[in-house]
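In: Based on what follows, work out the 3D shape:
(one chain, ligands or ions: 1)
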Amino acid sequence: MSEPQAAASITEIGKARARVDGPLKVTGTARYATDHNFPGMLYAVPIGSTIAKGKVNAIDTSRARQMPGVRAILKRGDLAPIKRITPSLGDSLMVDEPRPPFNDDVVRYYGQYVALAVADTFEEAKAAADTVAVSYSAETPNVDPHLVAETTKVMSERGNAASGYAAAPVTIDAHYAISPETHNPIETHATVAVWDGDTLTLYETSQGVINHRNVLADMLGLPRDKVRVIAKFIGSGFGSKLWPWSQSPLAAAAAIKLGRPIKLVLSRPMMFHAVGHRPRIEQRIRLGAGNDGRLMSLQQDYVNATSMLDDYEENCGEATPHMYSVPNLRVTSGLAKRNIGTPTAMRGPGAVPGLFATESAMDELAVKLGMDPVQLRLVNEPRLDEGLGVPFSSRHLKECLTLGAEKFGWSKRTPQVASMKRDGMTVGWGMAACSWIAARFDCSASIELRDDGTVRVASASQDIGTGTYTVMAQMAAETLGIAIERVEVVIGDSSLPTGALSGGSMLTASLVAPINAAVAAAGKALIALAVAGQNTPFSGANANELQFSRGCIAARNGDPHTMTFDEVLRALNTRAVSGQGSGEGSFGVEERPKLSSHSFGAHFVEVTWQPDIARLRVSRVVSVFDAGRILNSMTARNQIEGAIVMGIGMALFEGTEYDAASGAPVNANFADYVVATNADVPALDVHFIEYPDLNLNALGARGVGEIGLAGTAAALTNAVYHAIGVRIRELPLKIESLL
Ligand code: MOS
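Out: From the prediction side, this is the model:
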């Protein structure tokens, strides 16, 4: 029996908590998909097409089949047909490339799987794969980077953009482009498939174990309860692991066919062929403004490349309708098909490339107006989301801009190009604003309260390296008023209560309600036990007069007797009590939601330029975000920093290049596809202004996985303009264009 106590003083929310799974990772005991090995396991290596357009004529496996350790060379017709699925986000049935592997002999992109070598060891499978002789009828592929929309649709429109533009005294009309970017998580895609004759277990690299289970069950024609997807640790994904790719059904079908566990791991080059990318995008931005800087018209017309198989749309206008106040607006989207693998969501899909264009154009407008670019954003601050015609749930972009300007020292900026010098270098200062959607997915969780004072919180969600284990532990600890060390988090397993995707920066916001509801349900169950049982002061009481709060049962009438859940369980001689809860999604639920829910931010970037040696460096970044309440200041900052590093890579280095003759990505390795490294990145100064968005969840937390990338590239290239006077309208920037 506890003495009457003040409300528990533990406050986990907001703390800078190191990852609870950190020790497992640094000691090498965290088990990723490929760390799973089974007796009798075979290794599979896919054979990718070496043409990008045409037909497979014949696959000669005779030599390969004779090689040591080879168990099978599987090709079209050798596996039970894999079914085509109609992708559906609402049904958690999303797939990037709906064409099932080995479905036909038509080749539509370089690297498309045409066969699978299976052997006792990886080396034997690889050697066999290299020996399989495939003959093709090849045609010239279309990988032309210049995009002309084959189909176009209007995404958002208000007023009359053309007449608003015609009437504006100051206009900008500019074209922007980004090169295809390939996701490059350190962990390549992999599947370990185990079939026991009844149940298929997949150890996966997946950002959504439930979606992955549903897709694989349907593709293979198995009941969903006979498929289990496990992804306990993931070496990141950036969107490339949101939906299953063909390696997964191939490995699973091979495991079923051969009756042996199969391990299939993609090589780094295969990552550039067959598991998505952010496509090439071209955009035309037209802005019209008054001499006071107020926008009169905004037009954004974008085209993205997609594959022959799919109509992947990069929603570049995601942030455009709500970013600024403008009476006349028109956003159109177009597609152009190419002989390239299907693109997919890559960190901040849509908004990131969209904001590169619109925030660059805003900078161009500021220059033309002779107006400070921060001021230009401030005068165009909207009072409501003019796209949806509804208020914002919580919008504090103005504070991001003003606080960022203050922290950066923006008032010392002289606007003339090349007017700022330091240590013999030219200094450029640029800025950009940004936005990213805030929403929830449907999500469930369970909690078990135990008599030793520990708890287990579980959900079929996953931690892709973002800190989900840690924030879930914090949420449970906070709700129960216990130390975080007493919380065990169990995720990454489709057999747990149906959780949400690690996608769209929405998982954290999605988990708040289900965890709180699960705790409340467990508390209710505990009260029922206490009322019915002996040995507690609550025995025989009316359950309605008791409450469960901060992990304790107490009387509602102020009776000072309270007991912690573990005290109650021990008194009742009961080991554990559990509860389950769920929360409803908000994403895509209503055509016109009552509130517009987004995060906002502002980046301020300093570059230095040494023309004599053509050296451009990013020397300073200050970024401020309005992302609701921050649950963990360390993991949140880490997410933002990683995203800014990616933004520096997007601006300066990243671009997948396709060979015009073969259609192959020619820089499909880390030597030639350059990403930003420590040497390219200065210390990053990240700030959060914390306005809890209580419309989104009880903690007021939004997500922080993607917003940090939005706007970064534009802030950088705007700084380049300020330093050198060269306007970068195509990414990545080429150093020779600065000379
Ligand atoms: Mo993110 S592109 O939703 O993984």
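
In: contact partners of stretch 16-26?
Out: The contact list for stretch 16-26, computed with C-beta atoms under 8 Å, 6 or more residues apart in numbering, reads 30, 233, 463, 467, 469-470, 473-474, 484, 487, 489, 632-635. C-beta: built from backbone N, CA, C; applies to glycine.

In: Off-centre distance for that stretch?
Out: 21 Å (C-alpha atoms, centre = their mean, to the nearest Å).

In: Make residue 1 into 673 and carry on from there
Out: Fine by me, first position is 673 from now on; the one you just mentioned is stretch 688-698.

In: pLDDT below threshold where in the stretch 673-822 of the chain?
Out: For the stretch 673-822 of the chain, applying pLDDT under 70 flags the ranges 673-682.

In: Contact residues of this protein facing the ligand?
Out: Contact residues, the chain versus the ligand (C-beta under 6 Å from any ligand atom): Gln879, Gly909, Phe910, Gly911, Leu914, Ala1017, Met1018, Arg1019, Pro1021, Gly1175, Gly1176.

In: residues contacting the last one?
Out: The neighbourhood of Gly1176, defined by C-beta under 8 Å, 6+ apart, consists of Ile1109, Ala1111, Phe1113, Phe1259, Gly1375, Glu1378.

In: Let me know the closest of those to the ligand.
Out: Within the contacts of Gly1176, proximity to the ligand (C-beta to the nearest ligand atom) peaks at Glu1378, which comes in at 6.2 Å.

In: who's in contact with the closest residue to the closest one other than its chain neighbours?
Out: In this structure, Glu1378 finds its nearest non-sequential neighbour in Gly1020, 4.0 Å apart by C-beta to C-beta, 6 or more residues apart in numbering. By C-beta under 8 Å, 6+ apart, the contact list for Gly1020 reads Trp1108, Ala1315, Glu1378, Ile1379, Leu1381, Ala1382.

In: can you rerun that using 6 Å?
Out: By C-beta atoms under 6 Å, 6 or more residues apart in numbering, the residues touching Gly1020 are Glu1378, Leu1381, Ala1382.

In: tell me the secondary structure for the first one?
Out: When classified by DSSP: H, G, I helix; E, B strand; the rest coil, Glu1378 comes out as coil.

In: Verify the stated contact: it with Trp1108.
Out: Yes - Glu1378 is within contact range of Trp1108, at 5.1 Å (criterion: C-beta atoms under 6 Å).

In: ok but Gln879 is inside a strand, no?
Out: No - read with three-state DSSP, Gln879 is coil and lies in no strand.

In: Quick check: it touching Leu914?
Out: Yes - applying C-beta under 6 Å, one finds Gln879 in contact with Leu914, separated by 4.7 Å.

In: what do those two both touch?
Out: Joint contacts of Gln879 and Leu914 (C-beta under 6 Å, 6+ apart) are Gly1175.

In: Please, which helix or strand holds Gly1195?
Out: helix 1179-1204 (DSSP states H and E).

In: Report the buried residues of the helix or strand just after that helix.
Out: Next along the chain after helix 1179-1204, taking DSSP H and E as the criterion, comes strand 1218-1221. Buried residues in strand 1218-1221, defined by neighbour count with 16 or more other C-beta atoms under 10 Å: Leu1218, Phe1220, Ser1221.

In: for the residue in the stretch 723-872 of the chain positioned nearest to the ligand, helix, strand, or coil?
Out: The ligand sits closest to His855 of the stretch 723-872 of the chain, with a gap of 8.4 Å, by C-beta to the nearest ligand atom. Secondary structure assignment for His855 (three-state DSSP): coil.

In: The residue nearest to Asp982 when sequence neighbours are not counted: what's it in contact with?
Out: By the measure of C-beta to C-beta, 6+ apart, the closest residue to Asp982 outside its immediate chain neighbours is Thr1014, 4.7 Å from it. For Thr1014, the contacting residues are Asp768, Glu769, Ser979, Leu981, Asp982, Tyr984, by C-beta under 6 Å, 6+ apart.

In: what's the answer for Val1317, then?
Out: Per C-beta under 6 Å, 6+ apart, neighbours of Val1317: Ala1348, Val1353.

In: which secondary structure element contains it?
Out: helix 1305-1324.

In: Any buried residues in that helix, and which?
Out: 1307-1324.

In: now stretch 819-826
Out: Leu819, Ala821.

In: Can you check the distance spanned by it, start to finish?
Out: 18 Å (C-alpha to C-alpha, to the nearest Å).

In: Give me the contacts around that stretch.
Out: With C-beta under 6 Å, 6+ apart, stretch 819-826 has contacts from Glu954, Val975, Ala977, Thr1004, Ser1005, Gly1006, Leu1007, Ala1008.

In: Distance from it to the middle of the chain?
Out: That offset, for stretch 819-826, works out to 26 Å (C-alpha atoms, centre = their mean).

In: and if you look at stretch 1044-1064?
Out: With C-alpha atoms, centre = their mean, you get 26 Å for stretch 1044-1064.

In: Other residues contacting it?
Out: 828, 965-967, 993-994, 996-997, 1035, 1038, 1070, 1073, 1077, 1103, 1105, 1264, 1266-1268.

In: Now do the buried residues in it.
Out: 1044-1046, 1048-1050, 1052, 1054, 1057-1060, 1062, 1064.

In: Out of those residues, name the ones that lie in helices.
Out: Mapping these onto helices (DSSP state H) picks out Pro1045, Val1046, Leu1048, Arg1049, Leu1050.

In: Residue in the protein with the shortest distance to the ligand?
Out: Gly911 (2.7 Å).

In: How about that residue: what's its closest non-neighbour residue?
Out: Going by C-beta to C-beta, 6+ apart, Gly911 has Ala1017 as its nearest residue, at 3.9 Å.

In: Over to Ile1156?
Out: In space, Ile1156 is closest to Ala1149, 4.4 Å off (C-beta to C-beta, 6+ apart).

In: isn't there a strand covering that neighbour?
Out: No - counting by three-state DSSP, Ala1149 is not part of a strand but helix.
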